[in-house]
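> Provided below for reference: sequence and predicted model.
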Amino acid sequence: MSNATTTETKPAPPPVDKMKIKIDGREIEVPKMMPDWQGKLQPTTMLQACAAAGHDVPHYCYHPKLPIAGNCRMCLVEFGTPAMGPDRKPVLNEDGSAKIAKSVLPYEPTSPRGAIACATPISPGMEIYPNSPATKQMREAVLESLLINHPLDCPICDQAGECKLQEYSVDHGNAASRFVEEKVHKPKHVDLGPRIVLDDERCILCSRCVRFTKDIVGDDALGFAQRGSHNTLTNFPGKQFDNNYTLNTVDICPVGALTSKDFRFKMRVWFLKETKSICTSCATGCNVIVGSREGNVYRYEPRENDAVNSCWMCDSGRLNYKWINREDRLTEVQHLKSKAQSWPMALKEISEVLRKASSGSVAIVASARQTNEELYLLKKLATKFNAITDSVPRHGESDKLLLNADRNPNSNGAKLIGISPAQMGSNLPKIADGIRNGTIKTLIVFGEDVTKHGIGTDLLVKLDHLIVSDILPNKTTESAHYLLPGCAHAEKRGSFVNAKGRVQRFLQAIQPKGDARPEWEFLHELVFNVTGQNGFASIEGLFNQMAQEIPAFNGVTWAVLGDAGVTIPT
Amino acid sequence: MIVERKKLNFWERLYLPAILGGIKVTARHFGRTLFKGKTAGKELSGGYYPEKKWTVAEGYRGAPYLVRDPEGNTKCVSCQLCEFVCPPKAIKITPPGPVMSNADRPNAEKMPKEFEINMLRCIFCGFCQEVCPEESIFLQKDYSLNGLSRSEMIYNKEKLLALGGVNNSPIFKWKQKAEEAKAQGIAP
């Protein structure tokens, strides 16, 4: 994102101006200015100060990455400021401390007057009471008001389990409703766009989705129509809510008003195992959480990383997971000539073939969708045979928010490791020529259909040995002599280097299908059999070894990568 | 506490009188069954188990079955709370997926595509009935569940609904919602 900065490249921050305030009776120093949703410094709000002091103030409409609206009133807190005398000097208590004037209603000095913590800046000497009886009463009243017309659809609502209304009801709600009148009904399952369904009854009118699509995406597609009880969220007449970021509104919707058509009624969220991963659809490398259950991936959700994707991801990337569970996934080791259909036999035969291969007779087409570790092992093989290597470029349209024109998740990794030349794909014609004139006898292909990139089936039949590893069947896998089933990124661990040079790791969410094995595992065996180099047989060790050997990686370690990744110069 | 053991006298230490006393009782019952056709079971409760089924008490926790409402609608909305709470993981629900209007009651929006209870796993704890927000699953009075294979003991949705019958609860939550919405001019 444009406003994103990396922690590594930032110069030492200037000394921060601080101010002393009291929160829940404890004095605390907080910065006078803190970053707002765009990262610009603004006066610190009561909510930010409370968060710094370890007090969670409940809120619906406030979102750290969206402009502040202040319309849900859930974050109301009681507070006080130092009392001022007529001479504009602080009034002191008998013990010499500043006297605090609690904020009260103008004509009812006994009734506390709260302020919305999300939009009220702090002032020196201010006291905030996030746990006082008055604050609690205010929260309970706001929550009760929000629930008056809420349909209580929880059994059929996809948000159940991750719903702020449910969570705050546990903390601040009543067991039974006092409301005896008929609830206001609004349209249910309204079609807002190709990927979004709106349930108007559940909406609490927090306007997060409106602000997101207007201020973050710049597509002013949503708004509120009507007034009072009839106030509803709607798309502008004749305008579909169909930009490439619509599904983020489902994430930020604190209730079940906006739901994803794709995920609708597929699985209850409390069953989903959450695994930290990386989106593989373009070179941006958005941080995601993979939601899986019993070996099936159900959804991707963005994971916050201010250096990459903030809190967002695009719809096209988010919905690009269905191939993982496709029926025609390659799940068996296959060999055309012999009956070697097990991993040990196949690896043994391939090792023999490669050991006999002469220098320059081998070519490798890797994929920029592969992890750094796999490319590193392939590079080792390539060095042994002095092989010509390349990977396949993939391009699409970019946009100004997240989507990158480079649709490979690891182009930078492939270039840094030396598998692909600076101009990715420029070696492919050379490989084709080599096969045509007979100098290249063995071709190793990983995760790409080379028949679409200038090495047609007419050339593939000329080869003595075609060793292919892939996830889904294609023309190349059909003509392979040895076919090794590989893993989707959700089935293994590894790391990518994104377009900005950020090395990010992803973890395993589900078990591989059938006989499929992570590529780095069998590549490690092959490299050992062929070159005799015995490296680490774990992903951590492999990564650390690679980072030691390749200068660009600066010697970062798997552990240092953490969840947020590390930026390296590219 | 130590209970003092009673000292046996000579007559008791002989044992034979006690054995003879026992044989006398057995012989009396044998004679009554053989000549008069009387049994203790018949005298007390009118018969023994396989011939005479046991009457279960009120609140007995038998096999869990799905119920329909009096209008014949499937009450379950596939919220999967029973699947979540089930301690032996006997319940497996296949949610309907994103297809619209696949529920018996249109505004309930969904019902399970498949609902399976593995009766071999079920421990009849009643958590599913307790957690159900729609009152659609009840532990009923069946206590003798038999099958010739394991797969036969996995009851599917159709079987569970057929065995469960109709629940005559006066609460029609979804119907009421639909009627209210209609009165307010909102199509359900």
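That came through fine.

> Residues of chain A that sit close to chain B?
Within chain A, the residues that sit near chain B (CB under 8 Å from any CB of the partner chain) are A:151, A:154-156, A:160, A:182-189, A:261-268, A:270-271. To be clear about C-beta, it is placed using only N, CA and C from the backbone, and glycine gets the same treatment.

> Run through chain B and note the low-pLDDT ranges.
In the prediction, chain B carries residues with pLDDT under 70 at positions B:40-46, B:100-101, B:188.

> swap the cut-off to 80 and go again
Scanning chain B for pLDDT under 80 picks out B:37-52, B:99-102, B:187-188.

> May I have the secondary structure class of the residue most central in space within it?
Closest to where the C-alpha atoms of chain B average out (CA atoms, centre = their mean) is B:Gly62, at 1.4 Å. Assigned by DSSP: H, G, I helix; E, B strand; the rest coil, the conformation of B:Gly62 is coil.

> okay but it is in contact with B:Gln129, surely?
No: here B:Gly62 does not reach B:Gln129: they are 11.0 Å apart, not a contact under CB atoms under 8 Å.

> if we can go back for a sec, list buried residues within the residues of chain A next to chain B.
When neighbours are counted using 16 or more other CB atoms under 10 Å in any protein chain shown, those contain these buried positions: A:151, A:154-156, A:160, A:183-186, A:188-189, A:261-268, A:271.

> would you list every one of the strands in chain B?
Defined through DSSP state E, the strands belonging to chain B, from first to last, are B:64-66, B:91-94, B:114-118, B:137-139, B:154-155.

> A:Thr477: what secondary structure?
Reducing the assignment to helix, strand or coil with three-state DSSP, the entry for A:Thr477 is helix.

> picking up where we left off before, of all the strands of chain B, which lies closest to A:Pro473?
Judged by CB to CB, the one of the strands of chain B that comes nearest to A:Pro473 is strand B:91-94, at 27.7 Å.

> how distant is stretch A:505-520 from the center of its chain?
Taking CA atoms, centre = their mean, to the nearest Å, the mean C-alpha location of stretch A:505-520 is offset from the chain mean by 19 Å.

> how about the CA coordinates for it, as CSV?
Once non-C-alpha atoms are left out, stretch A:505-520 reads as follows in CSV (Å, rounded to 0.1, in the frame of the first residue of the first chain):
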residue,chain,number,x,y,z
ARG,A,505,6.9,-17.6,5.3
PHE,A,506,3.7,-19.6,5.2
LEU,A,507,2.7,-22.6,7.3
GLN,A,508,0.9,-25.9,6.6
ALA,A,509,-2.9,-25.9,6.9
ILE,A,510,-3.9,-29.3,5.6
GLN,A,511,-2.4,-32.7,4.8
PRO,A,512,-1.3,-33.4,1.2
LYS,A,513,-3.8,-35.3,-0.9
GLY,A,514,-3.1,-39.0,-1.7
ASP,A,515,0.6,-39.8,-2.3
ALA,A,516,1.6,-36.2,-2.9
ARG,A,517,4.7,-35.0,-1.1
PRO,A,518,6.1,-31.5,-0.5
GLU,A,519,8.5,-30.8,-3.3
TRP,A,520,11.3,-29.7,-1.0
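
> Check which residues of that stretch are buried.
For stretch A:505-520, by 16+ other CB under 10 Å, it's A:505-510, A:512-513, A:516-520.

> How about stretch A:316-327?
For stretch A:316-327, the buried set under the neighbour-count rule, 16+ other CB under 10 Å, comprises A:316-319, A:321, A:324-325.

> gap between A:Tyr376 and chain B?
In this structure, A:Tyr376 and chain B are 41 Å apart, going by CB to the nearest CB, to the nearest Å.

> what does the worst-scoring helix or strand of chain A on mean pLDDT rub up against?
For chain A, the helix or strand with the lowest mean confidence is strand A:334-335, at a mean of 87 (criterion: mean pLDDT, DSSP states H and E). For strand A:334-335, the surrounding residues in contact (CB atoms under 8 Å, 6 or more residues apart in numbering or on different chains) are A:341, A:345-346, A:349, A:480-483.

> go with 6 Å
Outside strand A:334-335, the residues that touch it by CB atoms under 6 Å, 6 or more residues apart in numbering or on different chains are A:346, A:482-483.

> can you list the residues of chain B near chain A?
Chain B has residues B:77, B:79-80, B:95-98, B:109-110, B:133-134, B:180-181, B:184, B:186 near chain A, with proximity defined as CB under 6 Å from any CB of the partner chain.

> again, 7 Å this time
Chain B has residues B:77, B:79-80, B:84, B:95-98, B:100, B:107-110, B:133-134, B:180-181, B:184, B:186 near chain A, with proximity defined as CB under 7 Å from any CB of the partner chain.

> from memory A:Asp67 sits against A:Val210, does it?
Let me fix one detail, which is that residue A:67 is Pro and not Asp. No: taking CB atoms under 7 Å as the definition, A:Pro67 is not a contact partner of A:Val210, at 10.4 Å.

> More neighbours: which of those two?
Summary of the neighbour comparison: A:Pro67 and A:Val210, criterion other CB atoms under 10 Å in any protein chain shown, with A:Val210 having more neighbours (19 against 14).

> what secondary structure does the more buried one sit in?
When the structure is reduced to helix, strand and coil (three-state DSSP), A:Val210 reads as helix.

> Distance from the chain centre to stretch B:112-127, please.
Its chain's C-alpha centre lies 11 Å from the corresponding centre of stretch B:112-127 when counted by CA atoms, centre = their mean.

> Give me the distance between the two termini of it.
Criterion CA to CA, to the nearest Å; first-to-last residue distance in stretch B:112-127 is 19 Å.

> Now do the buried residues in that stretch.
Residues of stretch B:112-127 classed as buried under the neighbour-count rule (16+ other CB under 10 Å) are B:112, B:115-119, B:122, B:125, B:127.

> What does A:Asp191 show for phi and psi?
When quoted as degrees, to the nearest 10, the phi and psi of A:Asp191 stand at phi -80, psi 110.

> meant to ask about A:Gly541, not that
As for A:Gly541, its main-chain torsions (degrees, to the nearest 10) stand at phi -60, psi -40.

> cool, and the one 5 residues further on?
Backbone torsions of A:Met546, given as degrees, to the nearest 10, read phi -60, psi -40.

> how about the helices of the stretch 351-500 of chain A, start to end?
Residue ranges of the helices in the stretch 351-500 of chain A, as given by DSSP state H, counting those that start in this stretch, are A:372-385, A:411-417, A:428-436, A:457-460, A:475-478.
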